[in-house]
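Undergrad: No letters, just coordinates:
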């Protein structure tokens with residue numbers, strides 16, 4: 001007997017028998033052919049071996065070409081898959097360093113996620129599949145046998161934008177069992193990503209769980225909002241917060257919502273703002289001009305482009321020279337990869353401007369480029385420095 005769960009058909013002369021939510025095809029069933037078995041039913045993809053090589057597979061018997069792209073590859077590089085006599089395409093890559101990676105297939109020119117992999121990263125333009133290569137170097141972001149917090153999907157009404165908006169909120173282990181008020185890190189994503197990205201491929205919740213279990217960080221909430229605003233294509237990378245509608249969404253809607261619905265402190269010394277790439281520029285624009293609200297700022301792989309840097313310095317010279325700016329900034333943490341072709345030069349130019357105005361900061365330069373591999377590490381290095 002062959003069964004297909006989750007379908008509802010009426011019993012009739014055809015011999016189809018309705019059994020709860022299971023349709024049964026038995027001997028004598030007429031007019032209902034048994035679906036032919038295919039290799040896709042038992043296909044494993046991705047498959048990570050002990051030597052950290054990863055095999056990717058996809059069943060596409062009628063395809064003429066399949067390629068693989070992943071964020072461990074050099075820019076625009078692809079791997080060609082080969083097809084066997086069953087119609088299964090495959091390729092093995094690596095060994096890869098222990099980490100979390102995103103990837104996707106292109107089947108005859110159509111970009112698709114891995115249909116055999118449930119782990120995905122959500123982006124503005126679509127989805128990417130996710131694979132973890134375990135190892136000691138990746139334990140800081142892995143699911144460990146330690147107390148775990150919760151990541152909640154939260155919908156709120158944005159009065160400044162006139163629409164419903166979504167954010168993700170991490171609460172630390174034990175949050176429900178205490179009456180204390182917690183500090184908050186508002187953590188921003190980069191261009192093309194969404195409010196879900198930091199809690200999926202970014203592993204923010206697991207990173208904090210592991211830091212807390214080792215006593216390396218203070219218990220905190222992490223609020224991960226959506227930095228892109230509907231109807232405003234592109235990334236807000238201008239000079240100052242005025243041209244970015246997300247500014248009012250954060251200040252007038254998100255922060256008040258969090259403080260009304262969660263046990264958090266509203267003091268600036270208990271609020272941090274950090275972001276990567278586009279979110280880093282938003283952190284600079286919003287954070288530096290609202291130091292009465294944020295005592296800690298973190299900028300990952302980011303900095304104003306030259307024209308915007310010059311404009312910000314001109315418009316906000318008094319702010320940059322104000323001694324109160326230096327007093328209010330409890331921590332200004334800036335990090336970038338040495339091979340980051342998108343952000344390294346902008347970061348260095350920005351640091352020179354801060355030096356001119358006597359703005360104190362902590363600078364961290366890592367290997368690598370404009371990648372999640374760096375940004376996860378940056379979060380793990382910044383979080384222990386917050387709210388001390």
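TA: Sure, I can see it. On a predicted model such as this, the values are computed, not experimentally measured, just so you know.

Undergrad: what is residue 54 paired to in the beta sheet?
TA: residue 48, residue 93 (DSSP bridges).

Undergrad: okay, now it: neighbour count?
TA: Using other Cβ atoms under 10 Å, residue 54 is surrounded by 23 other residues. Yep, even glycine has a C-beta here, placed from its N, CA and C like the rest.

Undergrad: wait, what's in contact with it?
TA: Contacts for residue 54 were tallied using Cβ atoms under 8 Å, 6 or more residues apart in numbering; they are 46-48, 92-94, 96, 131, 133.

Undergrad: how much space between it and residue 47?
TA: Distance, residue 54 to residue 47, using Cβ to Cβ, to the nearest Å: 7 Å.

Undergrad: For residue 129, what are phi and psi?
TA: Per-residue torsions, residue 129: phi -80, psi 160 (degrees, to the nearest 10).

Undergrad: quick one: the helix or strand encompassing residue 312 to chain centroid distance?
TA: Using DSSP states H and E, residue 312 sits in helix 306-315. Per Cα atoms, centre = their mean, to the nearest Å, the displacement of helix 306-315 from the mean C-alpha position of its chain is 29 Å.

Undergrad: what helices or strands is it leaning on?
TA: For helix 306-315, the elements it packs on are helix 278-288, helix 344-356, judged by 3 or more Cβ pairs under 8 Å, 6 or more residues apart in numbering; DSSP states H and E.

Undergrad: got CSV for the ones you listed, with distance to residue 58 and mean neighbour count too?
TA: As requested, these are arranged in CSV below (distance: least, Cβ to Cβ, whole Å; neighbours: other Cβ atoms under 10 Å):
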stretch, distance to residue 58, mean neighbour count
helix 278-288, 32, 27
helix 344-356, 36, 16
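
Undergrad: can those go into a markdown table with extra columns for mean pLDDT and distance to residue 375?
TA: Converted to a markdown table, these look like this (pLDDT from 0 to 100; distance: least, Cβ to Cβ, whole Å):
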| stretch | mean pLDDT | distance to residue 375 |
| --- | --- | --- |
| helix 278-288 | 96 | 10 |
| helix 344-356 | 97 | 14 |
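
Undergrad: for stretch 169-179, what is the average pLDDT?
TA: Across stretch 169-179, the average pLDDT comes to 95.

Undergrad: Give the buried residues for that stretch.
TA: Buried residues in stretch 169-179, counted by 16 or more other Cβ atoms under 10 Å: 169-173, 175.

Undergrad: next one: stretch 219-232
TA: Going by neighbour count (16+ other Cβ under 10 Å), the buried part of stretch 219-232 is 219-229.

Undergrad: Among the buried residues of stretch 169-179, which ones are in helices?
TA: With helices defined by DSSP state H, no entry of those lies inside them.

Undergrad: Greatest separation within these: which pair is it?
TA: Farthest apart among the buried residues of stretch 169-179 by Cβ to Cβ are 169 and 173. That separation is 14.5 Å.

Undergrad: Which is the succeeding secondary structure element to the helix holding residue 312?
TA: Taking DSSP H and E, what comes next after helix 306-315 is helix 317-321.
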